[in-house]
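Colleague: Please work out how this folds:
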Amino acid sequence: MPTGRTDAGTEPHKRGARAGKRLLWLAALLALALLLALLSLAIGTRSVPLAEAFEALSGENTTIGQAAVATRIPRTLLAIVAGAALGLSGAVMQGVTRNPLADPGILGVNIGASLAVVIAVVWFGITSAEAFIWTAIFGAGLTAVFVYGVGSLGRGGATPLKLALAGAATSIAFSSLVIAVVLPRADIAGGVRSWQVGGVGGATFERIEPVLVFLAVGFLISLLSARRLNSLALGDELAAGLGERVAFARASASLGAILLCGATTAVCGPIGFVGLVVPHACRLLVGVDHRWLLPFSAIGGAILLTAADIVGRLAARPSELEVGIVTALIGGPFFIFIVRRQKVRDL
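Modeller: Now for the predicted structure:
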């Protein structure tokens, strides 16, 4: 009996300690995100002192430095929002598929959105921002269903390895189709190729504003799916035994991830590996509970994409590398590490 009382008193203490540790990590990540946002405003072709950057944030626009900061504000905002969307969507996709390799880029969702946009531009002449966003979301959703269907064929259903292979094959095929669609249109080929790399350069508030509603809905749906994703992690049969509607849980969470991927691709182009790297890193900090993992993945994605944008500006001054290139350089080796760690026979 004394042992039982000791355990009963210790467990709440452990839960409180874990929650306190997570809150400390949350505060640290938010502080890091704020620091990187300030550095993003100050660093570029022309470096601006932080004091001058703060003056620009307060509305001053009388010096060259302050004018430079004013043009970087929407770029920094887009990097934060897009990174958060990609990090969160990656965590949701990994939870829905129970696949450690799930990522909007690896599963082909981003390139599917890109192909849909390119076809709509070349064949149907769409020009409005809303049309771009809806088309990208439609393409992302259709590709996600296709890849999951192909990966589910055969024995064992949708295993992580089969989904990764189906996504890789789809990405290669769709990339070739993008080139085939754009090739006859020399007038837009340069712009499409630049957009295909994935980046946040040239962002304006007018370009960002139409996508915010779609991202807000995607964020809300995804974050509200945390409890359902915890149930799915137990397995479909056990989740159903606990009263969870498995099909609805998987579909609703997937909808949130698709909205985030499609809307982000529409405004930034396809940016890979953020949704793979960030959730794995965040699990080391907060564990597998999606109620903590999802918001941490959003903050971590914002940090990674903002940092990648800063690195891209510093690496090729006075020119710059697009964030899609930087995240690929980070994510490629990480993907290989995950595959080797999980062992191919276990995927």
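Colleague: okay, CA-based contacts and neighbour counts for the rest of this
Modeller: Fine.
Colleague: Can you give me the buried ones in the helix or strand in which Glu237 is found?
Modeller: Using DSSP states H and E, Glu237 maps to helix 236-241. For helix 236-241, a neighbour-count test (16 or more other CA atoms under 10 Å) marks Ala239 as buried.
Colleague: neighbours around the nearest residue to Ala203 once chain neighbours are set aside, how many?
Modeller: Of all residues not flanking Ala203 in the chain, Arg75 sits nearest, at 4.9 Å (CA to CA, 6 or more residues apart in numbering). Using other CA atoms under 10 Å, Arg75 is surrounded by 23 other residues.
Colleague: cool, and Leu223?
Modeller: For Leu223, the tally of surrounding residues (other CA under 10 Å) stands at 21.
Colleague: how far away is it from Ala249?
Modeller: Shown here: Leu223 relative to Ala249, a distance of 12 Å by CA to CA, to the nearest Å.
Colleague: Ile221 versus Gly20, what's the distance?
Modeller: For Gly20 relative to Ile221 (CA to CA), the value is 26 Å.
Colleague: Could you check which of these two has the larger neighbour count?
Modeller: A count of neighbours by other CA under 10 Å puts Ile221 above the other of Gly20 and Ile221, at 19 against 12.
Colleague: any idea which helix or strand carries the residue nearest to that one when sequence neighbours are not counted?
Modeller: With sequence-adjacent residues excluded and distances taken as CA to CA, 6+ apart, Ile221 is closest to Gly256, at 5.0 Å. Assigned by DSSP H and E, Gly256 belongs to helix 246-268.
Colleague: Show me which positions of that helix end up buried.
Modeller: So, applying 16+ other CA under 10 Å, buried residues of helix 246-268: 246, 249-250, 252-268.
Colleague: packing partners for it?
Modeller: Applying 3 or more CA pairs under 8 Å, 6 or more residues apart in numbering; DSSP states H and E, one finds that helix 246-268 contacts helix 64-97, helix 109-124, helix 129-151, helix 205-224, helix 226-232, helix 236-241.
Colleague: Minimum distance to Val197: which of these has it?
Modeller: helix 109-124 (10.7 Å; CA to CA).
Colleague: by contact count, what packs against that closest one?
Modeller: helix 129-151, helix 160-182, helix 246-268.
Colleague: repeat that with 10 Å
Modeller: On a contact count with 3 or more CA pairs under 10 Å, 6 or more residues apart in numbering; DSSP states H and E, helix 109-124 meets helix 129-151, helix 160-182, helix 186-197, helix 246-268.
Colleague: Next, format these as a markdown table and append mean pLDDT.
Modeller: Output for the helices and strands packed on helix 109-124, formatted as a markdown table (pLDDT from 0 to 100):
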| stretch | mean pLDDT |
| --- | --- |
| helix 129-151 | 91 |
| helix 160-182 | 86 |
| helix 186-197 | 78 |
| helix 246-268 | 92 |
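Colleague: List the residue ranges of the protein that fall below the pLDDT cut-off.
Modeller: Along the chain, the parts satisfying pLDDT under 70 run over 1-13, 156-158, 160, 339, 341-347.
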